[in-house]
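S.K.: Need a 3D model of the following:
(one chain, ligands or ions: 1)
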Amino acid sequence: MKDEGQHPLPPVRIGQGLDAHRFGSGRPLVLGGVRIEHDQGLAAHSDGDVVIHALCDALLGAAALGDIGRWFPDHEDQYAGIDSRILLRRVMDALSERGSGVSNADLTIVAQCPKLAPYIAAMTEVLAADLRCPVERINVKATTTERMGFTGRGEGIAACAVVLLTGS
Ligand code: MG
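M.R.: Model prediction:
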C-alpha cells in the first residue's frame, strides 16, 4: 500500500459564505454590484451588498484567511458606505498574491422581493469581472422562502456563496 503522504492533495480549496442584512429606507439597493429598483436598500456600514459580502467570506474561507469582518471592520470610517466591489477586488488581490484564482462560484440570493430575475445576467457579468474569470464559471440564482422566516416577511435579504479556488 502506497504512503498517502507521497501524494499531495490537488491545489483546490473550497469555501462558503453566508450573509444577511435587513432592509432600511433612504438608500439604494445594490446586489452583486448591480443597482436594483426597489423602495428600500439594505442597512449596513458599507453599501449593504449582501451578495458580495457572502462571496468575500467564501473566498477568504477557501484561502483560510478569516472573514470579511476581520479584513474590513464595520467600525472603521474608511469603510462607511463603501462600494463592496472595492472590498471584493481587495480580497482578489490578496488571493492573487498567494497564487490562487477562482475556478467557479455559485451564489444564491434569498429574497421575497423584489424580483431579481431581470438582474441576474448583469450581476454575473459584474462578479465575473471582479473575480477575474469568465462569466461561464459564475452562477447567480435567486429564491424566495415561500414567505417563511425573515426573508419571507420581507425584513431583509440573505445570500450564500460557494467558491472553488485553484492554485496554492
Ligand atoms: Mg454584510
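S.K.: measure residue 63 to the ion for me?
M.R.: Plainly put, residue 63 is 19 Å away from the ion if you go by CB to the ion, to the nearest Å. The way it works is simple: take the backbone N, C-alpha and C, and place the C-beta from them, glycine included.
S.K.: Give me the neighbour count for that residue.
M.R.: As a burial measure, residue 63 scores 19 neighbours (other CB atoms under 10 Å).
S.K.: again with residue 114
M.R.: 18.
S.K.: ditto for residue 32
M.R.: So residue 32, with other CB under 10 Å, has 30 neighbours.
S.K.: now swap in the one 10 residues further on and tell me
M.R.: Neighbouring residues of residue 42 were enumerated by other CB under 10 Å; the total is 24.
S.K.: Looking at strand pairing, list the partners for it.
M.R.: Using DSSP bridges, the bridge partners assigned to residue 42 are residue 23.
S.K.: Which pLDDT does the model give the residue minimising distance to the centre of the chain?
M.R.: Central residue of the chain (CA atoms, centre = their mean): residue 55, 2.1 Å from the mean position. In this prediction, residue 55 carries a pLDDT score of 98.
S.K.: isn't it right up against residue 105?
M.R.: Yes - here residue 55 lies in contact with residue 105, judged by CB atoms under 8 Å, at a distance of 6.6 Å.
S.K.: Pick out the residue in the protein sitting closest to the ion.
M.R.: residue 53 (3.5 Å; CB to the ion).
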